[in-house]
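[1] 3D, please:
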Amino acid sequence: MQQKDLVVTRTLVESVKRTSRDYVQVSQALDFEESLRSLGALTRPTSLSGTIRKTGIALAIAPEPFTTVLGIGMIAGSYLMKSREPASLGDLAGETRTLLGELSSLSLADLSISL
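    Got it, this is the predicted structure:
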């Protein structure tokens, strides 16, 4: 029995060594800056309404009367666009949680059709 346990332990140690070597190789091959930028874009997607709002404020502050009207229109439009912002991971997780809660509350009796 002891010999068998020793073989299993050695196999596990070799497996951990190979896995850790693989992790080191992968981490060295990744471009940290690019990965960080991509992860940031995934967790906090850029907001088009925020960009339009900032542009609208800049135009509203400009001294020409024509740009003020455009700026105010852009500011109002940015607030209307806010509901169409891209979904973040948190939004997707919340929606999934809501849908799973609704599905778990259903029973077969709710699905029966009376003729």
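[2] Every contact and neighbour count from this point should use C-alpha atoms.
    OK.
[3] Which residues lie in contact with the residue nearest the centre of the chain in this structure?
    Centroid-nearest residue in the chain: residue 89, 2.9 Å away (criterion: CA atoms, centre = their mean). Residue 89 makes contact with 42, 43, according to CA atoms under 8 Å, 6 or more residues apart in numbering.
[4] And the pLDDT at it?
    Looking at residue 89, its pLDDT stands at 73.
[5] repeat for residue 108
    We note a pLDDT of 61 for residue 108 in this prediction.
[6] packing partners for the longest helix seen in the chain?
    Scanning the chain for the helix with the most residues, using DSSP state H, yields helix 2-29. Using 3 or more CA pairs under 8 Å, 6 or more residues apart in numbering; DSSP states H and E, no helix or strand is in contact with helix 2-29.
[7] Give the next helix or strand downstream of it.
    Later in the chain than helix 2-29, the nearest helix or strand by DSSP states H and E is helix 32-43.
[8] Now the next helix or strand after that following helix: average pLDDT?
    Downstream of helix 32-43, the first helix or strand assigned by DSSP H and E is helix 48-61. Average pLDDT, helix 48-61: 84.
[9] Need the CA coordinates for helix 48-61. CSV is fine.
    What follows is helix 48-61, C-alpha atoms only, in CSV (Å, rounded to 0.1, in the frame of the first residue of the first chain):
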residue,chain,number,x,y,z
LEU,A,48,-21.6,56.9,-26.0
SER,A,49,-24.0,59.1,-24.1
GLY,A,50,-21.3,60.4,-21.8
THR,A,51,-19.2,61.4,-24.8
ILE,A,52,-22.1,63.2,-26.4
ARG,A,53,-22.9,64.9,-23.1
LYS,A,54,-19.3,66.2,-22.8
THR,A,55,-19.4,67.4,-26.4
GLY,A,56,-22.7,69.1,-25.8
ILE,A,57,-21.4,70.9,-22.8
ALA,A,58,-18.4,72.1,-24.7
LEU,A,59,-20.7,73.4,-27.5
ALA,A,60,-23.1,75.0,-25.1
ILE,A,61,-20.2,76.9,-23.4
